[in-house]
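Enquirer: Prediction below, plus the sequence it came from.
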Amino acid sequence: MTTLSLVVPCYNEEETIKPFFEETNKVLKEMNLEQDTEFIFVDDGSKDKTLEILKELSAKEPTVHYISFSRNFGKEAALYAGLNKARGKYTAIMDADLQDPPALLPQMKESIEKDGFDCAATRRVDRKNEPPIRSFFARMFYKIMAKASNIEVVDGARDFRLMTRKYVDAILSLTEKNRFTKGIFPWVGFKTKWFEYENIERIAGATKWSFWTLFLYSIDGIIGFSTKPLAFSAISGILSMLISFIIIVALVIRKLMYVDCAIEGWASTICIMLFLAGLQLFAIGIIGIYLSKIYIEIKQRPIYIISEEN
Ligand code: UDP
Ligand code: MG
């Protein structure tokens, strides 16, 4: 059994794989784990030379393994595939772009071995080079997530973490298709030690996230771990019913008092109609999102499809 498995999702990372491998190997050497580690690179349907580089590297280095997907299935699927293959006593998830400093690995391993943690996780503590609007939405997301679900997604938590076998098996036991790993980690529980570091820029290439994809991802997270939005739509329905009831009573009283107002009130009627139509669509939309998630789950499609591996 290998001591350490490193799961590395790669999507168009032709420039970063080699530097990542070299940099990480330096640290592994210091840890005396250079031979006792398996790298599991998951090529997530890259369109550049990622797969060729992985093949080349694995031919030279016995510790390098790769899985290649038939198309781009997303980082979550890549992580699941990698964790499925990992056989190590400890398993770490690392990005290929060196934004996750391998230099932290020795401390992380020590916290598991000596201090009895099941997981050593990392979070970045600054958002310096980020547009303010993105930081604002990120903070909003963490707040809503904390309120809506009963799990705590730590602000700035990265996927970079070292886990025990027990922890990895727990993650693999969650077989849902809509995988929001940032929520799955806290959901499985166990004792987690946090390591903090300042944000590091990727060494080459570009991030795969845009504002819009992050926004959709955050909705996935909330929907995946909370049913409160459904309750919210029901409650707003009840509230608007209550308000309309009060208005009806007021109108009846006015009528009984013989105040004639046959023409007036057209604008306000339209406003109320538009508001209620909007509210209804909003509520149906929330239900629709849940329904679509159920639809995807129930189809029981595989999370990923492998085209080749070694
Ligand atoms: N990644 C992936 N599939 C995707 C998108 C990203 O496997 O569809 C990988 C990517 O190659 C990288 C990691 O996930 O190793 C993190 O991606 P990125 O650096 O773009 O995200 P960021 O660090 O900006 O959050
Ligand atoms: Mg990155």
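Expert: Alright, I've got the coordinates. Numbers count the residues shown, from 1 in each chain. Ligands and ions are numbered 1, 2, ... in the order given.

Enquirer: buried set for the longest helix along the chain?
Expert: Using DSSP state H to define each element, the chain has its longest helix at helix 266-298. Neighbour-count burial for helix 266-298 flags Ala283, Ile286, Ile289, Lys293 (criterion: 16 or more other CB atoms under 10 Å). To be clear about C-beta, it is placed using only N, CA and C from the backbone, and glycine gets the same treatment.

Enquirer: again, but for stretch 171-187
Expert: For stretch 171-187, using 16+ other CB under 10 Å, the buried residues are Ile171, Lys177, Arg179, Phe180, Thr181, Lys182, Gly183, Ile184, Phe185, Pro186, Trp187.

Enquirer: re earlier: and which of the buried residues of helix 266-298 is nearest to ligand 1?
Expert: For ligand 1, the nearest member of the buried residues of helix 266-298 is Lys293. The distance, counting by CB to the nearest ligand atom, is 19.4 Å.

Enquirer: Let me see the contact set for the closest one.
Expert: Contact analysis of Lys293 by CB atoms under 8 Å, 6 or more residues apart in numbering lists Asn178, Ile223, Gly224.

Enquirer: one more time with 10 Å
Expert: Glu176, Lys177, Asn178, Asp220, Ile223, Gly224 (CB atoms under 10 Å, 6 or more residues apart in numbering).

Enquirer: again, but for Phe180
Expert: 76, 145, 153, 187, 217-225.

Enquirer: one more time with 8 Å, if that's ok
Expert: Per CB under 8 Å, 6+ apart, neighbours of Phe180: Glu76, Tyr217, Asp220, Gly221, Gly224, Phe225.

Enquirer: how many neighbours does the second one have?
Expert: Around Tyr217 sit 16 other residues, with neighbours defined as other CB atoms under 10 Å.

Enquirer: where's it, which helix or strand?
Expert: Here Tyr217 sits within helix 211-225, counting by DSSP states H and E.

Enquirer: Mind checking what helix or strand follows that helix in sequence?
Expert: Next element after helix 211-225 (DSSP H and E): helix 228-256.

Enquirer: between that following helix and helix 266-298, how big is the angle?
Expert: 160 degrees (axes from the mean of the first three to the mean of the last three CA atoms, to 10 degrees).

Enquirer: Could you figure out how far helix 228-256 is turned away from helix 211-225?
Expert: 90 degrees.

Enquirer: for helix 228-256, which positions count as buried?
Expert: Per 16+ other CB under 10 Å, helix 228-256 contains these buried residues: Pro229, Ser233, Ser240.

Enquirer: Flag every residue of the stretch 151-300 of the chain that's near ligand 1.
Expert: Arg202, Thr207, Lys208, Trp209 (CB under 6 Å from any ligand atom).

Enquirer: tally of neighbours for the first one?
Expert: Counted with other CB under 10 Å, the neighbours of Arg202 add up to 15.

Enquirer: I'd say it and Thr16 touch.
Expert: Yes: under the criterion of CB atoms under 8 Å, Arg202 makes contact with Thr16 at 7.1 Å.

Enquirer: The helix holding Tyr217 near ligand 2 anywhere?
Expert: No: with CB under 5 Å from the ion as the criterion, ligand 2 is not reached by helix 211-225; the gap is at least 12.6 Å.
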